[in-house]
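1. My questions are about this predicted structure, shown below with the sequence.
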Amino acid sequence: MGYEYVPFKDKYVNEIVPAMMKEFNYKNVHQVPKIEKICINMGIGEGARNIDLIEQHAKELALVTGQKPVITRARKSISNFKIRKGMPIGLKVTLRGARMYNFLYKLIHLVLPKVRDFRGLDPNSFDGRGNYAFGLTEQLVFPELKPDEVKRIQGMDIIINTTAKTDVEAKRLLELFGFPFKRTQ
């Protein structure tokens, strides 16, 4: 795999690292938190009964992320949901490197502005260890998908894993990347 030019990686190295070093008094460049990976999950409950649905959403997720998703399977049987062990129940993709930075750029500049009634991301969705999670209610906000070809609206969870030790550092890192957080009073 050759070198791919990633503008967001340059922004991280040239703008975010110096700003974070100054703000948090880091002694070394390697102490500055960075985004490690982005995980995208799609839970498809009806997928256990309809394998075509899983295949359709897998194609959509592959278009959106540029990477083939992994089919997640049920670990144990749950009779109330008519799920047996080993049935396909969702999809997941883990992005790293150039694909991660390209997805992040697209998410911040193209996707989130297209979300209906968007007032900002919840600043309280950090997990205490510097990771941030949020959900999208529909996949149609991604520019790669054509609304005519989408048969079923499906939401997804997006988890951004950082190397930050605290939520304050992680929030500041994401703010410098351009994440639109809600203003708190």
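-> Yep, it's here.

2. which residues of the chain score low on pLDDT?
-> 1-6, 47-48, 184-185 (pLDDT under 70).

3. if I read this right, M87 contacts R75, doesn't it?
-> No: using C-beta atoms under 8 Å, M87 is not in contact with R75; the gap is 10.3 Å. (Each C-beta comes from the backbone N, C-alpha and C, glycine too.)

4. Who has more neighbours out of those two?
-> M87 (16 against 10; other C-beta atoms under 10 Å).

5. Please determine how far the more buried one is located from I35.
-> 33 Å (C-beta to C-beta, to the nearest Å).

6. ditto for L107
-> In terms of C-beta to C-beta, L107 sits 12 Å off from I35.

7. can you give me the helices for this protein?
-> Listed in chain order, the helices of the chain (DSSP state H) span residues 7-11, 17-24, 51-65, 97-106, 167-177.

8. Same list (the ones you listed) but as a markdown table, adding distance to D127 and mean neighbour count.
-> Output for these, formatted as a markdown table (distance: least, C-beta to C-beta, whole Å; neighbours: other C-beta atoms under 10 Å):
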| stretch | distance to D127 | mean neighbour count |
| --- | --- | --- |
| helix 7-11 | 23 | 15 |
| helix 17-24 | 20 | 15 |
| helix 51-65 | 22 | 18 |
| helix 97-106 | 18 | 19 |
| helix 167-177 | 8 | 19 |
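
9. will you turn these into a markdown table that also has distance to K82?
-> Listed next are the helices of the chain as a markdown table, based on distance: least, C-beta to C-beta, whole Å:
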| stretch | distance to K82 |
| --- | --- |
| helix 7-11 | 43 |
| helix 17-24 | 49 |
| helix 51-65 | 15 |
| helix 97-106 | 34 |
| helix 167-177 | 39 |
